[in-house]
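[1] let me see the structure of the following:
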Amino acid sequence: MATVYWDLDAVRREMERVFDQYDPVRRALGRGLLPGAAARLYPLINLAEDKENHYVEALVPGVDPESIEVSVLRDQLRIAGTKTAINSEIKPEAFHRNERGAGTFARTLTLPTEVDGDQVKADYKNGVLLLTLPKHATAKPKQITVSVG
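    Just a heads-up that it's a prediction; the model follows:
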């Protein structure tokens with residue numbers, strides 16, 4: 001009789017990979033700045049739009065606004081920066097619990113349409129990065145006049 005040993009951690013990782021592949025919500029949460037299986041992409045983002053603009057709210061509490069880099073290329077938005085540790089003198093091995101991640105981050109998001117990169121506005125208020133991304137002229141709806149013949 002053969003004995004089979006299961007590496008449960010490897011099985012868990014493989015199952016997460018399979019579920020991430022087929023579940024868009026799990027894939028959207030992804031992995032990021034925070035450690036462990038509960039990690040998610042950082043920063044967390046809300047994306048909305050109206051006829052003229054896309055609006056992005058990115059949660060970046062504790063991040064120095066000077067370290068945030070925002071770039072846009074056609075329909076790709078990239079937000080990157082650095083979240084520094086509050087007390088860098090504490091050694092990692094001294095932590096009993098470390099849930100507030102620190103380090104560099106970068107998140108790229110595909111927007112529903114192309115945007116005019118020259119007109120993007122970025123504001124930082126109370127730990128939230130607020131972006132207004134005007135839609136490119138080719139992405140805006142056109143009113144077509146119907147002629148009666």
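[2] in this protein, where is pLDDT below threshold?
    Applying pLDDT under 70 to the chain flags residues 1-6, 20-40.
[3] give the helix, strand or coil label for the nearest residue to A139 once chain neighbours are set aside.
    Computed as C-beta to C-beta, 6 or more residues apart in numbering, the closest residue to A139 that is not its neighbour in sequence is T113, at 3.6 Å. The C-beta positions use only the backbone N, C-alpha and C, and glycine is treated the same way. Using DSSP: H, G, I helix; E, B strand; the rest coil, the structure places T113 in coil.
[4] run a quick neighbour tally on T113.
    Residues lying near T113 (other C-beta atoms under 10 Å) number 14.
[5] who's in contact with it?
    H54, D75, K135, H136, A139 (C-beta atoms under 8 Å, 6 or more residues apart in numbering).
[6] so among those residues, which ones count as buried?
    Buried positions within those, assessed by neighbour count (16 or more other C-beta atoms under 10 Å), are H54, D75, K135, A139.
[7] just give me the longest helix of this protein.
    helix 8-22 (DSSP state H).
[8] off-centre distance for that helix?
    22 Å (C-alpha atoms, centre = their mean, to the nearest Å).
[9] and it, what does it pack against?
    Contact analysis of helix 8-22 by 3 or more C-beta pairs under 8 Å, 6 or more residues apart in numbering; DSSP states H and E lists helix 24-29 as its packing neighbours.
[10] who are the packing partners of the helix or strand following the helix it packs on?
    Scanning forward in sequence from helix 24-29, with DSSP states H and E defining helices and strands, the next element found is strand 45-49. Judged by 3+ C-beta pairs under 8 Å, 6+ apart, strand 45-49 is in contact with strand 53-59, strand 103-110.
[11] of those, which is nearest I144?
    Closest approach to I144 among the helices and strands packed on strand 45-49 (C-beta to C-beta): strand 53-59, 22.3 Å.
[12] buried set for the next helix or strand along the chain from that closest one?
    Using DSSP H and E, the helix or strand that follows strand 53-59 in sequence is strand 69-73. By neighbour count on 16+ other C-beta under 10 Å, the buried set for strand 69-73 is V70, V72.
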